[in-house]
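> okay, here's the prediction I keep looking at, along with the sequence it came from:
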Amino acid sequence: MLDRRSFLEKSALLSAMGFMPRALSAEELERELTGATLGTTPGFRGRPCVVSSANGIKGVKVAYDQIAGGTDTLDAIIAGVNLVELDPNDQSVGLGGLPNEEGVVQLDASCMHGPTRRAGAVGCLEEIATPSLVAKAVMDYTTHVLLVGAGAKKFATAMGFKTQNLLTEKSRQDWLRWKSRLNRNDNWLDHDDDVKINWTHGTINMNAVSAAGDVSSVTTTSGLAWKLDGRLGDSPIHGAGQYTDNAVGAAGSTGLGEMNIKTCGGFLTVEFMRNGATPEQAALKTLERMVHMTEPRLLDDRGRPRYDIQVYAVAKDGRYGGAGMYEGASFAVCDDTGPRLEKCAYLFKAADRAR
Ligand code: ASP
């Protein structure tokens, strides 16, 4: 927002330069001066589109159908990610998510609502399966944007969310197996099986635009498996795990959250789109910036990152894209041609993956 002084100075300047042939409304003036759009854009007609990480393949259809039926974009994508949060078989999100190093499931989520420019988030939330809805409740019912830990849980229960044990038997067994192999000299006997634990990371990010050009984004996760107690990833951080500007579009990520926090990946992708990049170009440029910001410990001797991350983006006019650090990732999308998985663009070939 412009403060009163710079508002008056800029208005006087524009007027002196002959740019203000008529009195503009406050909304029109802000748009002239900042390029930003307040709320829903009158008369805008675009193409509705929902884009998410690959594990949202069912959710993008749910969200798209709701948006086509007139539901608000944020409510629709939260309904989409709720499917994954409540799925005990997805061990990267919500119920059944892999726990931290102490065996406790701690969930992170954040959301942004473009038309009203509001945001909410929760971090290290325990015993509530749908952190995306708690993040939205923070946005809807408080003046804050981020609640964490015991306070977040207290708020959620006050709002009527039910507490439950989120650690499924499968996730508990995986945690015990990890724990027993940590150190040969500890008092845990090693398992003699060598079962690979499939998920040690994962998240769902979903972004959507309606025909009216209203944009929203949400990201929800159990974070990195076996993380330290209290670790927050990128998912609850606005501008990292997801970001929306109703004038431009939305973007979010899955993958190594620490790298995304350092790069402000969600915000940066939206800024690249604001400056003219397509969603796919913007996602790739953000990944390039992440490589540039990577500490040596996480690079191999050829400068390739030893981690993976994917960026997903949608523009206000319904264009979309996804990109991963390495070849092979895919993302989910739903528009008027239906739900599908598409291949992510990438920076590095699979064969060149850092070892
Ligand atoms: N971004 C998530 C985090 O760092 C994890 C992931 O997406 O794999 O918490």
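On my side now, so go ahead. Numbers count the residues shown, from 1 in each chain.
> and the strands in the chain?
Per DSSP state E, the chain has strands spanning 49-53, 107-113, 118-125, 147-148, 204-209, 215-221, 242-245, 249-255, 309-315, 320-326, 330-335, 338-343, 345-348. These are given in chain order.
> so which elements touch the third one?
Helices and strands touching strand 118-125, by 3 or more Cβ pairs under 8 Å, 6 or more residues apart in numbering; DSSP states H and E, are strand 107-113, helix 131-141, strand 147-148, helix 149-158. To be clear about C-beta, it is placed using only N, CA and C from the backbone, and glycine gets the same treatment.
> for the stretch 151-300 of the chain, which residues are neighbours of the ligand?
Residues of the stretch 151-300 of the chain lying near the ligand by Cβ under 6 Å from any ligand atom: 201-203, 221, 223-224, 233-235, 254-257.
> of those - the most surrounded one?
Ser235 (34 neighbours; other Cβ atoms under 10 Å).
> need phi/psi at it.
For Ser235, the backbone dihedrals (degrees, to the nearest 10) come out as phi -60, psi -40.
> thinking it is in contact with Ser217, fair?
No. Look at Ser235 against Ser217 with Cβ atoms under 8 Å: they stay out of range, at 11.2 Å.
> any common contacting residues for the two?
With contacts taken as Cβ atoms under 8 Å, 6 or more residues apart in numbering, the residues that reach both Ser235 and Ser217 are Asn205, Gln242.
> which residue ranges form the helices in the chain?
With DSSP state H, the ranges of helices along the chain come out as 4-16, 26-34, 57-68, 73-85, 131-141, 149-158, 169-180, 257-263, 265-274, 279-292.
> make CSV out of those and add mean pLDDT.
Conversion of those to CSV gives the following (pLDDT from 0 to 100):
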stretch, mean pLDDT
helix 4-16, 43
helix 26-34, 50
helix 57-68, 98
helix 73-85, 98
helix 131-141, 98
helix 149-158, 98
helix 169-180, 91
helix 257-263, 97
helix 265-274, 98
helix 279-292, 98
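> let's have the ones you listed in TSV, adding distance to Leu347.
Supplementary listing: the helices of the chain in TSV, determined by distance: least, Cβ to Cβ, whole Å:
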stretch	distance to Leu347
helix 4-16	40
helix 26-34	32
helix 57-68	24
helix 73-85	27
helix 131-141	29
helix 149-158	35
helix 169-180	30
helix 257-263	13
helix 265-274	14
helix 279-292	5
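> dump the residue contacts of the nearest residue to Met139 once chain neighbours are set aside.
In space, and not counting its chain neighbours, Met139 is closest to Gly120: 2.9 Å by Cβ to Cβ, 6 or more residues apart in numbering. For Gly120, the contacting residues are Ser110, Cys111, Ala135, Lys136, Ala137, Val138, Met139, Asp140, Thr142, Val145, Leu146, by Cβ under 8 Å, 6+ apart.
> same question for Gly223.
Taking Cβ under 8 Å, 6+ apart as the criterion, Gly223 is in contact with Gly97, Asn100, Gln106, Leu107, Asp108, Thr203, Arg231, Leu232, Gly233, Ser235, Gly257.
> kindly state the beta-bridge partners for Val333.
Going by DSSP bridges, Val333 is paired in beta bridges with Val51, Arg340.
> dump the residue contacts of it.
Cys49, Val50, Val51, Ser52, Val60, Tyr320, Gly322, Pro339, Arg340, Leu341, Glu342.
> I'd say the fourth one and Met206 touch.
Yes. Taking Cβ under 8 Å as the definition, Ser52 is a contact partner of Met206 at 3.9 Å.
> picking that back up, which ones among the contacts of Gly120 also lie next to the ligand?
Counting by Cβ under 6 Å from any ligand atom, the subset of the contacts of Gly120 that neighbours the ligand is empty.
> closest one to the ligand out of the residues you listed, please.
Within those, proximity to the ligand (Cβ to the nearest ligand atom) peaks at Ser110, which comes in at 11.3 Å.
> the closest one: how many residues sit nearby?
The burial metric for Ser110, expressed as a neighbour count using other Cβ under 10 Å, is 35.
> can you pull the contacts of the closest residue to it other than its chain neighbours?
Across the structure, with Cβ to Cβ, 6+ apart as the measure, the residue nearest Ser110 apart from its sequence neighbours is Ala121 (3.5 Å). With contact set as Cβ under 8 Å, 6+ apart, Ala121 has these partners: Asp108, Ala109, Ser110, Cys111, Ala135, Val138, Val145, Leu146, Leu147, Pro236, Ile237, His238.
> contacts for stretch 348-355 next, please.
The set of residues that contact stretch 348-355 without belonging to it, under Cβ under 8 Å, 6+ apart, is Leu299, Asp300, Arg302, Arg304, Pro305, Arg306, Met325, Tyr326, Glu327, Gly328.
> what pLDDT does the fourth one get?
If you check Arg304, the pLDDT there is 96.
> please apply the same query to the last one.
Gly328 is assigned a pLDDT of 96 by the prediction.
> can you report how many residues neighbour the nearest residue to it once chain neighbours are set aside?
If the residues on either side of it in the chain are set aside, Gly328 comes closest to Ala350, at 5.0 Å by Cβ to Cβ, 6+ apart. One way to gauge burial is a neighbour count; for Ala350, by other Cβ under 10 Å, it gives 10.
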